[in-house]
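Enquirer: give me coordinates for this.
(chains A, B, C and D)
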There are 2 protein chains.
Amino acid sequence: MKNKQKQIQLRDVQDVIDVIGGRWRGAILASLCDKEKRFNELKRDLGNITPRTLTKELKYLEMNKLVSREVDTSGAVTISYSLTEHGKSLEPLIVQIVAWGQKHRKVVLARVVLPT
Amino acid sequence: MKNKQKQIQLRDVQDVIDVIGGRWRGAILASLCDKEKRFNELKRDLGNITPRTLTKELKYLEMNKLVSREVDTSGAVTISYSLTEHGKSLEPLIVQIVAWGQKHRKVVLARVVLPT
DNA sequence: ATTAGCAGTATCCTAAAAGATAGTGGTATT
DNA sequence: AATACCACTATCTTTTAGGATACTGCTAAT
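Expert: Down below sits the predicted model:
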């Protein structure tokens, strides 16, 4: 039973890794924590993601109810992506991730020794 | 400056995803949160990871100072893997990940509708 | 002496992720 | 009228992760 419990937890970890993992998903979510964004705005934000990948990832996040896509047809059609309520519930996690990441960077870089 | 700050955060998120991401790293760390383990013990724990992959991932985690490998030569040589202090500092994060993962599972499964 | 478990290595192979690049149909700008 | 930006889509190729499988050298148990 203790073991079964453990299995379940590993599964949960895997689920989350799936959602925020990969090269881009975490970064997209982190970027949307800031505020809602449009497609090309996200693209610029993320640096060198290709449109193909961005499209794919946004669709995945939509399907997982983390991001919603809204079309505004008043005037020129614009499309904005934002976190859903569920997506927003990720924010504290992302904050903690960023904090740990900064600590981690220091620990790992500590091994770098410059040669004379 | 606000923008630069944002870039840095995205980088941190990426770093963490890198460390706990992939098919196995998160699970290995979660498993080692429990207690130190030997190679084949981990292998059984993780289900169907191949030894090749387990070796590779453990080396990666070692290099990133999250896991330490200890050899015991009294009697038959045994090797145990455990979290370093730095690795242990990940535990609260993993706990939060598991918690969110359970919530997420409910939200996503909520879309499943059984046909008549 | 043989079998079994430990802690891996070595090769080969496949599938999935993501990059590069070009193009599309629309609107707004000058 | 021409250019530029928006929000993508389509193809093609490369890269990477990770699985399958077999094998190794060692020790302990039967």
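
Enquirer: remind me which helix or strand the closest residue to A:Ile17 other than its chain neighbours belongs to.
Expert: Spatial nearest neighbour of A:Ile17, excluding adjacent residues (Cβ to Cβ, 6 or more residues apart in numbering or on different chains): B:Gly26 at 4.9 Å. No exception for glycine: its C-beta is placed from N, CA and C like everyone else's. B:Gly26 belongs to helix B:25-34 when elements are defined using DSSP states H and E.

Enquirer: give me the sheet partners of the helix or strand following that helix and which way each runs.
Expert: Moving toward the C-terminus from helix B:25-34, the next helix or strand (DSSP H and E) is strand B:37-38. With DSSP bridges as the test, strand B:37-38 is paired with strand B:78-83 (antiparallel).

Enquirer: how about the partner strand as PDB, C-alpha atoms only?
Expert: Once non-C-alpha atoms are left out, strand B:78-83 reads as follows in PDB (Å, rounded to 0.1, in the frame of the first residue of the first chain):
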ATOM      1  CA  THR B  78      27.200  -2.500  -3.300                       C
ATOM      2  CA  ILE B  79      26.400   0.900  -4.700                       C
ATOM      3  CA  SER B  80      23.800   3.200  -3.400                       C
ATOM      4  CA  TYR B  81      22.300   6.300  -4.900                       C
ATOM      5  CA  SER B  82      20.900   9.100  -2.700                       C
ATOM      6  CA  LEU B  83      19.900  12.700  -2.900                       C
END
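
Enquirer: quick check: mean pLDDT of it?
Expert: Average pLDDT, strand B:78-83: 97.

Enquirer: which residue is nearest the middle of chain A?
Expert: Centroid check for chain A by Cα atoms, centre = their mean gives A:Gly26 as the closest residue, at 2.1 Å.

Enquirer: the helix or strand bottoming out on mean pLDDT in chain A: which residues count as buried?
Expert: Every helix and strand of chain A was ranked by mean pLDDT, DSSP states H and E. The lowest is helix A:2-20, at a mean of 79. Using 16 or more other Cβ atoms under 10 Å in any protein chain shown as the test for burial, helix A:2-20 gives A:Gln9, A:Leu10, A:Asp12, A:Val13, A:Gln14, A:Asp15, A:Val16, A:Ile17, A:Asp18, A:Val19, A:Ile20.

Enquirer: okay, these in JSON lines with distance to B:Gln96 next?
Expert: Converted to JSON lines, the buried residues of helix A:2-20 look like this (distance: Cβ to Cβ, whole Å):
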{"residue": "A:Gln9", "distance to B:Gln96": "12"}
{"residue": "A:Leu10", "distance to B:Gln96": "15"}
{"residue": "A:Asp12", "distance to B:Gln96": "11"}
{"residue": "A:Val13", "distance to B:Gln96": "11"}
{"residue": "A:Gln14", "distance to B:Gln96": "15"}
{"residue": "A:Asp15", "distance to B:Gln96": "13"}
{"residue": "A:Val16", "distance to B:Gln96": "9"}
{"residue": "A:Ile17", "distance to B:Gln96": "13"}
{"residue": "A:Asp18", "distance to B:Gln96": "16"}
{"residue": "A:Val19", "distance to B:Gln96": "14"}
{"residue": "A:Ile20", "distance to B:Gln96": "12"}
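
Enquirer: same for DNA strand C: which of those are within range?
Expert: The subset of the buried residues of helix A:2-20 within reach of DNA strand C, by Cβ under 7 Å from any atom of the strand, is empty.
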